[in-house]
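A.B. asks: generate coordinates for the sequence data below:
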Amino acid sequence: MSKARGAKKRRPPDKPDPPESYDELILKEVKELFGKVRGYSAPPGVEWCLPDPGVTLCEPLWRHPPLQSLKNSLNEVKNQLSDKDLSVWHQHTCSTNRAGTITSHLRDTANAELCTQAWAKFYEILGSFRLLPEAALQNGELNSVHLCEAPGAFISALNHFLQTGGMFCDWTWVANTLNPYHEANGRSCTVADDRLIAHTLPWWFFGSDNTGDIMLQKHALELQVFVRNMRSVDLVTADGSFDCQDDPAEQESLVAPLQYCETVCALLLLAPGGSFVLKMFTLFEHSSVCLLYLLVCCFRSVYVFKPATSKSGNSEVYVVCLDFKSKEDVRPLLSKLIRNYGPDLVSTASLFPKSSIPDSFLRQHEEICTFFHKLQINTIQENLQLFIGMTSEQRQRLDQLRECAARFYTQRFQVQPLPRKRWVCRGGSLAWGKPCQRKQMGSFNQRKEMQFEEWRQRLAHGPYQAWIEEHFQVEEGHHLVLSGSVAEWDLNTWFSKVGAALPKVRSSAFCDPDLLDLFNEALEECTLVLKEQPMSKNTPACSLCSVRSSTPASILQEICSPPNAASCMVLVGDPSWQDGPTSGPQLRFCPCSSYPDACFSTLHDGDPLLQQHLLSSVSAALCELSEGSALVVPLLSALTRFTASLVLALHLCFRSIAFRRPTCGPPVVLLCVGFSSVPQINTILQEVLDNMKTLEPDRQLLQFAPMEDLIRGSLPHFLCNLNNTVLRQQLHLLLLLEK
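C.D. replies: Down below sits the predicted model:
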């Protein structure tokens, strides 16, 4: 078995006891854990048919009283969790979860790539259903599309299943997700873990605006073009959701439009005989009833499945649809759904009138909902009892159940180890790949209360208060230098990536995400004071920070002193930079045209006009610099891929790059030392400028260096430190504003 890079050597485990060696009651409960599945089947002599498209999306929203009773009773039980600290409760439920050790057991024994809970769930689905069409396997060609797939565990699980199961076929996959690198995508919906994405970007569909939002109509249509080289699409998976912890009682309704968009995409893509796996939650609302009825009319077999590896106390289920009938049967309905496609689908009208849903289907649906409702309530109530106190006998029995479940999983699904050379990413994950998600702290009640607090109060509850209140220290950032060999960069792979204009920088691959969230929250609440004006006009200066920051004179003295550079060009426009003892014939001042002094902004360095001015000034400077000279470049921040691309271009042209926080002018300046002309860089920058001038008002140039280049080497670490310095200091100044 090949080991992951850097993995600690483990002592070979003792040969595990087979599941059959456990107590009969233990084994019986474990088998029930893996048997949480119910299917739909039309009664003899009854045919379930799609309603006429003319009645689709025409009727008002409706409710089915028996299902609403289930919803209300479940929410009553879940309300008992409102005062529980989320991290403490999560730790408790992990310890009581019968399947809680399966994933760690797989990591130890299967050498599985990206072995997460999602990996274990999908591998369980693959092992429980004939998900892969027999015709595709016989033809030796399998094509799959994975919607809302980040970080990619379903892909790695399917690869493991095919590779170790002796299924020799030519497998091609395509995936979609909200682009973790797109700065306008909010963190509540976007998975930031890019460990697989970073290595497989050509296989990921992000659409013409580069957001990856599958709820946009144009993306649903563009995806069909993206997969046009596939002979047929045999499998579609859809694992989409988003953070509903602020309104958990309405999770089903909140996620319903996404589930509809995923389903429409699947029906547009699938070939006859294909399979579809859709993540859903509770199934009580009209949206779920209609969606399930649509699916049972389109597929020959439909099951609702709760994997053992899905925590029993949550509402998550997977709808497994096998043997797609024909696109022709559903084409008239699909045409109407595409016309109404988007985030408002089924939010204002029901897909089908209640009168068009057969009573026989409704009765089966009620039975299925009751089955899963009982399982979830029983788990929550048990966890509440064990939270009060757990005896040693209860703990011992839970440990036995967990051990047995892990052995049972491995044996039932015949999980075999897979050598690294047969992983999807054979070289492993990039060092910058990061499994980070927004951390929810405190109880539900506490989080609701915090929503009404102003940002200074929220800051006091987090880990950043002391750091932000500290005054800037002059040595901060001085140890960070971007240098080293750049010979391995292939400039022929650079190209301009254009997408929708950024309304706001909500996320960045190059900073602490929680710090950026806090800064955006602070800006929103300080808008009336700031009005997007230069900070010098509406914020008091912090005298201690000013004393401890680098003066323009000291920065210029540092960069021009031997053996650094005999000449230097400065792109900073603040007049105080031209004063001081270091000014002389070796200094040239060519300020960025219309480039502002430091300011608080919701766009940071994402404003297209500012980007164009900055790029124009840097491009002109590179054409005029002599060998060995230096360049001082002002930056508001480097949060966007555009600015990161520019910093990388400078990295290729200079021996070393550092950053400083000056006492006046921009938030930071880049000190670029040791210029060496790279003509191809000049050509690339000029082409980028030409492209920027021809873009439509709602379009923006997002990057011009490949993402693979922006997230390798020392560049992302350098940019992260630069941006954290900017965000922290601007938050420090915002604290000085009058309340």
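
A.B. asks: could you use CA atoms for every contact and neighbour count after this?
C.D. replies: Will do.

A.B. asks: tell me how far the nearest residue to Pro552 once chain neighbours are set aside lies from Gly665.
C.D. replies: Residue nearest to Pro552 in three dimensions, not counting chain neighbours: Trp577, with 5.3 Å by CA to CA, 6 or more residues apart in numbering. Distance, Trp577 to Gly665, using CA to CA, to the nearest Å: 8 Å.

A.B. asks: with Ala308 instead?
C.D. replies: Separation of Ala308 from Gly665 (CA to CA): 58 Å.

A.B. asks: cool, Leu254 as well?
C.D. replies: 45 Å.

A.B. asks: of those two, who's got more company?
C.D. replies: Shown here are Leu254 and Gly665; by other CA atoms under 10 Å, Gly665 has more neighbours (23 against 18).

A.B. asks: off-centre distance for stretch 626-645?
C.D. replies: In this view, stretch 626-645 has its centroid 28 Å away from the chain centroid, taken as CA atoms, centre = their mean, to the nearest Å.

A.B. asks: do stretch 264-281 as well
C.D. replies: Chain-centre distance of stretch 264-281: 22 Å, with CA atoms, centre = their mean.

A.B. asks: just want the most central residue of the chain.
C.D. replies: What sits nearest the mean C-alpha location of the chain, by CA atoms, centre = their mean, is Val191, with 1.7 Å.

A.B. asks: thought it was touching Asn176?
C.D. replies: No - between Val191 and Asn176 there is no contact, the gap being 11.9 Å when judged by CA atoms under 8 Å.

A.B. asks: joint contacts of these two?
C.D. replies: Residues touching both Val191 and Asn176 (CA atoms under 8 Å, 6 or more residues apart in numbering) are Ala150.

A.B. asks: quick one: residues contacting Pro697.
C.D. replies: Neighbour list for Pro697: Ala501 [criterion: CA under 8 Å, 6+ apart].

A.B. asks: how much space separates it from Ala501?
C.D. replies: Relative to Ala501, Pro697 is positioned 8 Å away (criterion: CA to CA).

A.B. asks: domains of the chain?
C.D. replies: Residue ranges for the domains of the chain, per automatic domain parsing: 37-66+113-375, 467-734.

A.B. asks: make a markdown table out of those and add mean pLDDT.
C.D. replies: As requested, the domains of the chain are arranged in a markdown table below (pLDDT from 0 to 100):
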| stretch | mean pLDDT |
| --- | --- |
| domain 37-66+113-375 | 95 |
| domain 467-734 | 85 |
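
A.B. asks: I figured Ala565 hits Ala630, correct?
C.D. replies: Yes - proximity of Ala565 to Ala630 meets the contact threshold set by CA under 8 Å, at 5.8 Å.

A.B. asks: what about those two, which has more around it?
C.D. replies: Ala630 (28 against 20).

A.B. asks: shouldn't the more buried one be in contact with Ser677?
C.D. replies: No - checked against CA under 8 Å, the pair Ala630 and Ser677 is beyond contact range at 12.0 Å.

A.B. asks: how many residues are close by Ser356?
C.D. replies: Neighbourhood size, Ser356 [other CA under 10 Å]: 14.

A.B. asks: need the contact list for it.
C.D. replies: Per CA under 8 Å, 6+ apart, neighbours of Ser356: Pro51.

A.B. asks: could you dump stretch 322-340 to CSV, C-alpha only?
C.D. replies: Extracted C-alpha coordinates of stretch 322-340, given in CSV (Å, rounded to 0.1, in the frame of the first residue of the first chain):
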residue,chain,number,x,y,z
LEU,A,322,-32.2,4.0,-11.6
ASP,A,323,-32.9,3.3,-15.3
PHE,A,324,-33.9,6.6,-16.8
LYS,A,325,-36.8,6.0,-19.2
SER,A,326,-36.6,8.5,-22.0
LYS,A,327,-35.9,12.1,-22.5
GLU,A,328,-38.8,12.3,-25.0
ASP,A,329,-41.3,11.5,-22.3
VAL,A,330,-40.3,14.5,-20.2
ARG,A,331,-39.2,16.9,-23.0
PRO,A,332,-42.4,19.1,-23.0
LEU,A,333,-42.2,19.5,-19.2
LEU,A,334,-38.4,20.2,-19.4
SER,A,335,-39.0,23.0,-21.9
LYS,A,336,-41.3,24.8,-19.3
LEU,A,337,-38.9,24.1,-16.4
ILE,A,338,-36.0,25.6,-18.4
ARG,A,339,-38.0,28.7,-19.1
ASN,A,340,-38.6,29.2,-15.4
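
A.B. asks: what's the spacing between that stretch and its chain's center?
C.D. replies: From the chain centre to the centre of stretch 322-340 is a distance of 30 Å (CA atoms, centre = their mean).

A.B. asks: which outside residues touch that stretch?
C.D. replies: For stretch 322-340, the surrounding residues in contact (CA under 8 Å, 6+ apart) are 50, 53, 56, 130-131, 133, 217, 264, 267-268, 270-276, 298-302.

A.B. asks: before we move on, what about stretch 411-419?
C.D. replies: 1-2, 109-112, 124, 127, 160, 163-164.

A.B. asks: and stretch 233-244, what's buried?
C.D. replies: Residues of stretch 233-244 classed as buried by neighbour count (16 or more other CA atoms under 10 Å): 233-241.

A.B. asks: actually stretch 131-144, not the one I wrote
C.D. replies: Buried residues in stretch 131-144, counted by 16+ other CA under 10 Å: 131-133, 136-137, 141-144.

A.B. asks: continuing past the helix or strand where Lys28 lies, what's the next helix or strand?
C.D. replies: With elements taken from DSSP states H and E, the one containing Lys28 is helix 24-33. Using DSSP H and E, the next helix or strand after helix 24-33 towards the C-terminus is strand 37-39.

A.B. asks: CA atoms only for whichever helix or strand comes after that following strand - export them in CSV, please.
C.D. replies: Per DSSP H and E, strand 37-39 leads on to helix 65-78 as the next helix or strand towards the C-terminus. Output in CSV follows, covering the C-alpha atoms of helix 65-78 (Å, rounded to 0.1, in the frame of the first residue of the first chain):
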residue,chain,number,x,y,z
PRO,A,65,-51.6,18.1,6.4
PRO,A,66,-50.2,14.7,7.4
LEU,A,67,-46.7,15.7,6.2
GLN,A,68,-47.0,19.1,8.0
SER,A,69,-47.8,17.2,11.2
LEU,A,70,-44.5,15.3,10.8
LYS,A,71,-42.6,18.5,10.2
ASN,A,72,-44.0,20.2,13.3
SER,A,73,-43.3,17.2,15.5
LEU,A,74,-39.7,17.0,14.2
ASN,A,75,-39.1,20.7,14.8
GLU,A,76,-40.5,20.4,18.3
VAL,A,77,-37.8,17.8,19.1
LYS,A,78,-35.1,19.8,17.3
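
A.B. asks: from the chain's centroid, how far away is helix 65-78?
C.D. replies: With CA atoms, centre = their mean, you get 31 Å for helix 65-78.

A.B. asks: next one: stretch 309-316
C.D. replies: Its chain's C-alpha centre and that of stretch 309-316 lie 21 Å apart, by CA atoms, centre = their mean.

A.B. asks: other SSEs contacting the longest strand that the chain contains?
C.D. replies: Longest strand in the chain by number of residues, with DSSP state E as the criterion: strand 270-280. On a contact count with 3 or more CA pairs under 8 Å, 6 or more residues apart in numbering; DSSP states H and E, strand 270-280 meets strand 233-238, helix 251-269, strand 317-324, helix 327-339.

A.B. asks: which PyMOL command selects the buried ones in the contacts of stretch 322-340?
C.D. replies: Filtering the contacts of stretch 322-340 down to the buried ones (16+ other CA under 10 Å) takes a single PyMOL command:
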select buried, resi 50+53+56+131+133+217+264+267+268+270+271+272+273+274+275+276+298+299+301+302
